[in-house]
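Engineer: give the three-dimensional model of this entry:
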Amino acid sequence: MRLEVSCEDRLGLTRELLDRLVERNIDLRGIEIDTTGIIYLNFPELDFADFQHLMPEIRRIPGVYDVKTIPFMPSEREHHEIRALLKALPDLIFSLDARGRINQANQAALSALGSSLEELKGAALGHHIKGFAFSRWLESGDPKAQTCKLGFAGEEYLADLIPLYVPGEREGQALAGAVVVLKSARRVGMHFNALHADEIGGFEHIQTQSNRMKQVLAEAAKLAMQDAPLLLMGETGTGKELLARACHGASLRSSRPFMALNCAAMPDNVAESELFGYAPGAFGNNTEGKRGVLDLASGGTLMLDEIGDMSPHLQTKFLRVLQDGVFRRVGDEQEVQVNVRFICTTQKNLLELVGQGKFREDLFYRLNVLSLTLPPLRERKADIVPLAQEFVARFATELQRSRPRFSRNLGDYLQAYRWPGNVRQLRNSLYRAMTLLDGDELGPEQIDLPADSEPMPAIDEWFEGDLDEAVKRFERRLLERLYPQFPSTRQLAKRLGVSHTAIANKLREYGLGKK
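Structural biologist: The predicted model follows:
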């Protein structure tokens, strides 16, 4: 049991407090006194009756303001906090005595060495980590903090060596030991990239309040660190390029180029020369060749926008790049080796294109290693108003005018619309409204939106028959609409928040999926 006694700074008060414990034959295990006027007591658990009498007796001592039970003594709490902190840190941390012997190590260090703290205590750190004389450094008389590169378990580490001093008995300080922190080269690279994240554009620039979009961003942050191809799927205007740039900015390639090529924006021959480049003399009159975006993105990331519109000829050539990492420029016989991370975007269902013979099946499975589906804006309504506010604030700065306030019904108006053009349509609509706005209030009447072209089923069609038939009719239509976007039972089950077994049964019941 531990007590916290708040009291005045009075001579003899601590003695009176301890006398109360002695009178009740309470064995004191520990006492700590804070300079702010708090005394902490640690003693064995008491029976409720004894505890019920002890507390009023302590409160009656002159100068005692309050007394209450606490879970830990200050030193215990500090010890637990330090242990929790060391356990959470991913770097390898060792605490050494003045002779370079281990007296503490965090969980990451213990795991790397495959030993327990009991086995390591008292052992010289130099026996486990080669490349630096820890004991000689500490015994030099006045060791200075330094940073060096060390090899450990076949991996390179950046080591921070920090001597620890405590106040000596006389003037000055005495060496108590040192702390050694080992950071892997990979983590150092991650820190460097994080330092430049604002320049590159990471996930911190994508704001969302929608749970679905938060989940997409959480998954994207994990996939960004990988080098396998990433496939981003979603309707037009959902922000696929923005997410692709964020994935590049959060990757270890962020300091290298990010290049983009729209596969649907140019003829086949032009797209080929833009992607692969061409050799000198490839087109007769030109004297110099040209590097393609594939070559320019070497070491970085290449985003291929609307990969579903890539021609069969380019698909064959691109497949070789994915398989072997080599390509030939137009009009050149020499192969070029390239190291690029590919991020491909599409608003089309590639699996359907494979079934129609318009997209190579082997290329699809090469690309669909890591994939994300961006939800349309109508399915993340919680983001509509915050995005509108962000766009309006940005446009107000660009147009050098004061930021208008939103009318009371503007939020409901924006959320009621289906936004077939998604975030891009929202942005463009607000830009037009801000450009033409005369007053200081923005309302629905200033936002020109086209009528929603997607036909809704007639009410009689939905509710023909009894309730069970209507529910099944709605269920079938919902699955027919969503299955092309989520072409597996697990993906579709995750989207609808049910088990994949339930989805498999529903697809089987309605005859969906196999075709």
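
Engineer: and the chain, split by domain according to the record?
Structural biologist: Taking automatic domain parsing as the domain assignment, the ranges for the chain are 2-76, 89-189, 196-373, 377-446, 459-510.

Engineer: how about those, which one is nearest residue 82?
Structural biologist: Closest approach to residue 82 among the domains of the chain (Cβ to Cβ): domain 89-189, 9.1 Å. Where you see a C-beta, it was placed from the backbone N, CA and C, and this is true even at glycine.

Engineer: what mean pLDDT does the closest one get?
Structural biologist: In this model, domain 89-189 has a mean pLDDT of 84.

Engineer: now it, how far from the centre of its chain.
Structural biologist: From the chain centre to the centre of domain 89-189 is a distance of 31 Å (Cα atoms, centre = their mean, to the nearest Å).

Engineer: pick out the residue nearest the middle of this structure.
Structural biologist: Nearest to the mean C-alpha position of the chain, counting by Cα atoms, centre = their mean, stands residue 221 at 4.1 Å.

Engineer: which element, helix or strand, includes it?
Structural biologist: Applying DSSP states H and E as the criterion places residue 221 in helix 211-223.

Engineer: and the contacts of that helix?
Structural biologist: 203, 206, 208, 230, 243, 246-247, 250, 370, 372-375, 379-380, 382-383 (Cβ atoms under 8 Å, 6 or more residues apart in numbering).

Engineer: what is the subsequent helix or strand relative to it?
Structural biologist: From helix 211-223 onward toward the C-terminus, using DSSP H and E, the following helix or strand is strand 230-233.

Engineer: may I have that following strand as PDB, with CA atoms only?
Structural biologist: Extracted as PDB, the C-alpha positions of strand 230-233 are listed here (Å, rounded to 0.1, in the frame of the first residue of the first chain):
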ATOM      1  CA  LEU A 230       1.200  -0.400 -56.400                       C
ATOM      2  CA  LEU A 231      -2.100  -0.300 -58.100                       C
ATOM      3  CA  LEU A 232      -4.500   2.600 -57.200                       C
ATOM      4  CA  MET A 233      -8.100   2.100 -58.300                       C
END
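
Engineer: helices or strands up against that strand?
Structural biologist: Applying 3 or more Cβ pairs under 8 Å, 6 or more residues apart in numbering; DSSP states H and E, we find strand 230-233 packed against helix 240-249, strand 341-346, strand 370-373.

Engineer: and the helix holding residue 221, what's its mean pLDDT?
Structural biologist: So the average pLDDT for helix 211-223 ends up being 92.

Engineer: and stretch 370-388, by the same measure?
Structural biologist: 92.

Engineer: can you point out the buried residues in it?
Structural biologist: 370-378, 380, 383-385, 387-388 (16 or more other Cβ atoms under 10 Å).

Engineer: now do stretch 221-235
Structural biologist: So for stretch 221-235, counting by 16+ other Cβ under 10 Å, buried means 223, 224, 229, 230, 231, 232, 233, 234, 235.

Engineer: how many residues are close by the closest residue to residue 160 other than its chain neighbours?
Structural biologist: Here the nearest residue to residue 160 in space, its sequence neighbours aside, is residue 181; by Cβ to Cβ, 6 or more residues apart in numbering that works out to 4.4 Å. By the measure other Cβ atoms under 10 Å, the count of residues near residue 181 is 18.

Engineer: measure residue 181 to residue 90 for me?
Structural biologist: Using Cβ to Cβ, to the nearest Å, residue 181 is found at 11 Å from residue 90.

Engineer: got JSON lines for the domains of the chain, with distance to residue 82 too?
Structural biologist: Listed next are those as JSON lines, based on distance: least, Cβ to Cβ, whole Å:
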{"stretch": "domain 2-76", "distance to residue 82": "11"}
{"stretch": "domain 89-189", "distance to residue 82": "9"}
{"stretch": "domain 196-373", "distance to residue 82": "29"}
{"stretch": "domain 377-446", "distance to residue 82": "40"}
{"stretch": "domain 459-510", "distance to residue 82": "40"}
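
Engineer: which one of those domains lies nearest to residue 83?
Structural biologist: Closest to residue 83 of the domains of the chain is domain 89-189 (Cβ to Cβ; 8.7 Å).

Engineer: for the closest residue to residue 120 other than its chain neighbours, name its beta-bridge partners.
Structural biologist: Nearest non-adjacent residue to residue 120, counting by Cβ to Cβ, 6+ apart: residue 102, 4.9 Å away. On DSSP bridges, the residues paired with residue 102 through beta bridges are residue 96.

Engineer: which ones are touching residue 102?
Structural biologist: Under the criterion of Cβ under 8 Å, 6+ apart, the neighbours of residue 102 are 94, 95, 96, 120, 121, 122, 123, 124, 125.

Engineer: in strands, which of the residues you listed fall?
Structural biologist: Judged by DSSP state E, the subset of those located in strands is 94, 95, 96.

Engineer: and which of those is nearest to residue 288?
Structural biologist: When those are compared against residue 288 (criterion: Cβ to Cβ), the nearest one is residue 94, at 57.5 Å.

Engineer: check what pLDDT residue 496 gets.
Structural biologist: Residue 496 carries a pLDDT score of 84 in this model.

Engineer: and it, how far from residue 473?
Structural biologist: Distance, residue 496 to residue 473, using Cβ to Cβ: 17 Å.

Engineer: check residue 266 too.
Structural biologist: 44 Å.

Engineer: now do residue 232
Structural biologist: Looking at residue 232 against residue 473, where the rule is Cβ to Cβ, the gap reads 33 Å.

Engineer: got a list of what residue 283 touches?
Structural biologist: Residue 283 is in contact with residue 331, counting by Cβ under 8 Å, 6+ apart.

Engineer: quick check: it is in a helix.
Structural biologist: No: following the definition DSSP: H, G, I helix; E, B strand; the rest coil, residue 283 is coil and is not counted among the residues of a helix.

Engineer: relative to residue 97, how far out is it?
Structural biologist: Taken as Cβ to Cβ, the spacing of residue 283 relative to residue 97 amounts to 73 Å.

Engineer: export the helices and strands packed on strand 230-233 to JSON lines and tack on distance to residue 36?
Structural biologist: As requested, the helices and strands packed on strand 230-233 are arranged in JSON lines below (distance: least, Cβ to Cβ, whole Å):
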{"stretch": "helix 240-249", "distance to residue 36": "47"}
{"stretch": "strand 341-346", "distance to residue 36": "56"}
{"stretch": "strand 370-373", "distance to residue 36": "53"}
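
Engineer: quick one: closest of the ones you listed to residue 271.
Structural biologist: With distances scored as Cβ to Cβ, the stretch of those nearest to residue 271 is strand 341-346 (14.1 Å).

Engineer: CA atoms only: put the closest one into PDB for me.
Structural biologist: Included here for strand 341-346 are C-alpha records, laid out as PDB according to Å, rounded to 0.1, in the frame of the first residue of the first chain:
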ATOM      1  CA  ARG A 341       9.100   1.700 -58.400                       C
ATOM      2  CA  PHE A 342       5.800   1.600 -60.400                       C
ATOM      3  CA  ILE A 343       2.600   3.100 -59.200                       C
ATOM      4  CA  CYS A 344      -0.300   2.600 -61.700                       C
ATOM      5  CA  THR A 345      -3.700   4.100 -61.500                       C
ATOM      6  CA  THR A 346      -7.000   3.200 -63.200                       C
END
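
Engineer: low-confidence ranges in the stretch 201-350 of the chain?
Structural biologist: Under the criterion of pLDDT under 70, the regions of the stretch 201-350 of the chain flagged as low confidence span 201-202, 265, 282, 284-287.

Engineer: wait, residue 337 touches residue 326, no?
Structural biologist: Yes: contact criterion Cβ atoms under 8 Å: residue 337 and residue 326 qualify, at 5.5 Å.

Engineer: now for the residue nearest to residue 152 when sequence neighbours are not counted: which residues touch it?
Structural biologist: Nearest in space to residue 152, with sequence neighbours left out and distances taken as Cβ to Cβ, 6+ apart, is residue 129 at 5.3 Å. Each residue near residue 129 by Cβ under 8 Å, 6+ apart is listed here: 150, 152, 182.

Engineer: dihedrals phi and psi, residue 129?
Structural biologist: According to degrees, to the nearest 10, the main-chain angles of residue 129 amount to phi -120, psi 120.
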